[in-house]
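Engineer: Just need the structure, nothing else, for what follows:
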Amino acid sequence: MNRTKPLPRLGRLLAVLVLGAAVLTVAAPASAAPATFTNPLNTSGADPFMTHYNGYYYLMTTPYSGPLTMRKAPTIEALKSAAPVPVFNDFPASRCCMVWAPEFHLVNGPNGPRWYIYYSAGAGGIEDQRVHVAESAGTDPTGPYTYKGMVFGSNTWWGIDGSVVTINGQLYFTWSGVPTTLWRDSDPHIYIAAMSDPWTVTGLRTAISAPLLAWERQGTPMNEGPVALQRGGRTFIVYSASPCQGPDYKLGMLTYNGGPVLSASSWVKGQNPVFQRSDANGVYGPGHNGFFTSPDGTETWVVYHANSSESQGCGRTRTTRIQKINWRADGTPDFGVPAATTTPLTVPSGEPVATFERIVNRNSGKVVDVQAPNTDDRARVGQYTSNGQPWQRWRFVDAGGGYHRIESLNSGKCLDVLDRSTADGAAVIQFQCWNGTNQQFQVVQSGAYFTLRARHSGKCLTVAGSSTADGAVLEQRTCGTAASFLWSRS
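Structural biologist: This next block holds a predicted model:
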């Protein structure tokens, strides 16, 4: 990541830092949280999947190359600036290539509640594509994850774009497949099968949609990217139709009518698309969607990719976009028209106020900065001349007892004293946020400045050697009054 890269647009955000009785309040800058945002959420992001969980939005998209990554942020505007953090990178030759369409779902499986990433991959040819799954170690969406297997087990089915849904207490898997074992022999259908656990299907599969309608055949006949939407006891499966290579990629919908889930007659296809191109708004090929709820649980949002030109196709020009879904009186979703990228949209209901600020050292006038910079665990944290980049922006998150975690806008990770050391000179790093006291700091007022006192050690953050140089690292030492121990926020 280049330090000279232009700053992604940050929202004007506001937070009030509430501190314990022994510590004075440090006032945040007087600025208002944005009531609106505009699409897109990134400059490239196909096949998006998104959720809101425990105070954060999480977003995954097709990586094209390298590991599966995830973005994390407390607000939509901050999500735009958050870097993609690697969460899974186990790709041997048999599933090394064409890694597509990751989705992540919280499922109560044999190991208790865990996140499962379902993704498409193969050995390099389209005929090799299958759906694979990785399981989280706990309930943090960012992992770590371990590989669990190929979802189809011993079946020779071809398939991509896997997703899960629970109906009447049974977990089901839905995906885009073909009637034979070879993709080239047939047009992709939408299939469903029962699952014996979150990583294995069991029994027979059922085709519940085939690309037979004219709007599903504008180019190569295609049904793909199925994902469930449930509300008020009803289940819908929304899927993408026609090929992503053209501007007429769009969304169709199946409605479950209450019959046997594995019977094709239990799924009724809508005769018209539910979401499609809008030439008036400059949105082309909107599709491959997911759903998430607003922070307060009152709204349903769709996340999808789209292009901004009719000539763009199935590549890196696709960007991630979101908008709220409305609900009709009959209980069916109303997706509306894809919004123009110039249209301000109200942020999801209940979105918190969150300020990401610079932390400035009194001695040097330089700011707390992730060195390199990168998103890795154990990356050193130091000081650097302010350049407005997201790896120089931090958020104070209440950890209780008058202490706070200090969280990076860029990585979503927290300031951390390495290996929980209590020694003078222990390094300060970024690390995946958790409840450790070596990630909790007390803000202690000292005139117009403050010190940052680590909860586990009682020691304070300072710049090593009282240096004023770019790249000088942070460490903890017995608290002192020197200017290198003093900080301000801006």
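Engineer: Skip the chain neighbours and tell me the closest residue to Gly177.
Structural biologist: Excluding its sequence neighbours, the residue lying closest to Gly177 (Cβ to Cβ, 6 or more residues apart in numbering) is Gly159, at 4.2 Å. To be clear about C-beta, it is placed using only N, CA and C from the backbone, and glycine gets the same treatment.
Engineer: Report the contact partners of the one you found.
Structural biologist: Ser120, Gln129, Arg130, Val131, Val151, Phe152, Trp175, Ser176, Gly177, Tyr191 (Cβ atoms under 8 Å, 6 or more residues apart in numbering).
Engineer: just Thr36 next, same as before
Structural biologist: Taking Cβ under 8 Å, 6+ apart, one finds Pro344, Leu345, Thr346, Val347 in contact with Thr36.
Engineer: show me where the stretch 51-200 of the chain has helices.
Structural biologist: Ranges of helices in the stretch 51-200 of the chain, per DSSP state H, counting those that start in this stretch, are 76-81.
Engineer: could you pull out the strands for the stretch 151-300 of the chain?
Structural biologist: Remark: strands assigned in the stretch 151-300 of the chain by DSSP state E, counting those that start in this stretch are 159-167, 170-177, 189-197, 200-209, 223-231, 234-241, 250-256, 267-269, 284-293, 300-307.
Engineer: right, and these - which one's nearest Ser386?
Structural biologist: strand 300-307 (33.1 Å; Cβ to Cβ).
Engineer: quick one on the thing from earlier: in TSV: the contacts of Thr36, plus secondary structure and pLDDT.
Structural biologist: Output for the contacts of Thr36, formatted as TSV (DSSP: H, G, I helix; E, B strand; the rest coil; pLDDT from 0 to 100):
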residue	secondary structure	pLDDT
Pro344	coil	97
Leu345	strand	98
Thr346	strand	97
Val347	coil	97
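Engineer: now those: which count as buried?
Structural biologist: Burial by neighbour count, 16 or more other Cβ atoms under 10 Å: within those this picks out Leu345, Val347.
Engineer: and the contacts of Thr36 as CSV, adding distance to Ser240?
Structural biologist: Formatted as CSV, the contacts of Thr36 follow (distance: Cβ to Cβ, whole Å):
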residue, distance to Ser240
Pro344, 27
Leu345, 22
Thr346, 26
Val347, 26
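Engineer: Can you tell me which of the contacts of Thr36 is nearest Asn89?
Structural biologist: Using Cβ to Cβ, the contacts of Thr36 come closest to Asn89 at Val347, 32.5 Å.
Engineer: Tell me the spacing between Ala427 and Gln230.
Structural biologist: Separation of Ala427 from Gln230 (Cβ to Cβ, to the nearest Å): 47 Å.
Engineer: out of these two, which sits in the more crowded spot?
Structural biologist: For Ala427 versus Gln230, neighbours defined as other Cβ atoms under 10 Å are more numerous around Ala427 (18 against 15).
Engineer: Need the residues that contact the helix or strand harbouring that one.
Structural biologist: Assigned by DSSP states H and E, Ala427 belongs to strand 426-431. Outside strand 426-431, the residues that touch it by Cβ under 8 Å, 6+ apart are 370, 376-381, 408, 411, 413-419, 421, 439, 457, 459, 461, 473-476.
Engineer: check contacts around the one residue sitting closest to the centre of the chain.
Structural biologist: Taking Cα atoms, centre = their mean, the centroid of the chain lies closest to Leu59, which sits 1.6 Å from it. Neighbouring residues of Leu59 by Cβ under 8 Å, 6+ apart: Leu41, Gly45, Pro48, Phe49, Met50, Met70, Arg71, Lys72, Leu79, Val303, Thr320.
Engineer: my guess is the fifth one contacts Ser294, does it?
Structural biologist: Translated: Met50. No - with contacts counted by Cβ atoms under 8 Å, Met50 stays clear of Ser294, the gap being 11.7 Å.
Engineer: Tell me which of the two has more neighbours.
Structural biologist: Met50 (25 against 16).
Engineer: From Ala482, how far out is that one?
Structural biologist: According to Cβ to Cβ, Met50 and Ala482 sit 45 Å apart.
Engineer: same question, Asn89
Structural biologist: For Asn89, the distance to Ala482 - Cβ to Cβ - is 42 Å.
Engineer: Same check on Lys366?
Structural biologist: Distance of Lys366 to Ala482, computed by Cβ to Cβ: 15 Å.
Engineer: Looking at these two, which one has more neighbours?
Structural biologist: Lys366 (22 against 13).
Engineer: end-to-end on stretch 265-275?
Structural biologist: Stretch 265-275 has an end-to-end distance of 24 Å (Cα to Cα, to the nearest Å).
Engineer: avg pLDDT for it?
Structural biologist: Stretch 265-275 shows a mean pLDDT of 98.
Engineer: And Asn272, how far from Leu251?
Structural biologist: Taken as Cβ to Cβ, the span from Asn272 to Leu251 is 11 Å.
Engineer: any low-confidence regions in the stretch 251-400 of the chain?
Structural biologist: For the stretch 251-400 of the chain, applying pLDDT under 70 flags no range at all.
Engineer: What residues of the longest strand along the chain count as buried?
Structural biologist: Once the chain is assigned using DSSP state E, the strand that runs over the most residues is strand 97-109. By 16+ other Cβ under 10 Å, the buried positions in strand 97-109 come out as Met98, Val99, Trp100, Ala101, Pro102, Glu103, Phe104, His105, Val107, Gly109.
Engineer: With stretch 222-236 instead?
Structural biologist: For stretch 222-236, burial by neighbour count (16+ other Cβ under 10 Å) applies to Met222, Asn223, Glu224, Gly225, Pro226, Val227, Ala228, Leu229, Thr235, Phe236.
Engineer: ok, which pair from those residues is furthest apart?
Structural biologist: Within the buried residues of stretch 222-236, two members stand farthest from each other by Cβ to Cβ: Met222 and Thr235, at 22.6 Å.
Engineer: same question for the strand holding Ala427, mean pLDDT?
Structural biologist: The pLDDT scores in strand 426-431 average 98.
Engineer: Same question for stretch 222-238.
Structural biologist: On average, the pLDDT along stretch 222-238 is 98.
Engineer: who does Lys268 bridge with?
Structural biologist: Quick fix: residue 268 is Val, not Lys. Thr255 (DSSP bridges).
Engineer: can you tell me which residues contact it?
Structural biologist: By Cβ under 8 Å, 6+ apart, the neighbours of Val268 are Leu254, Thr255, Asn257.
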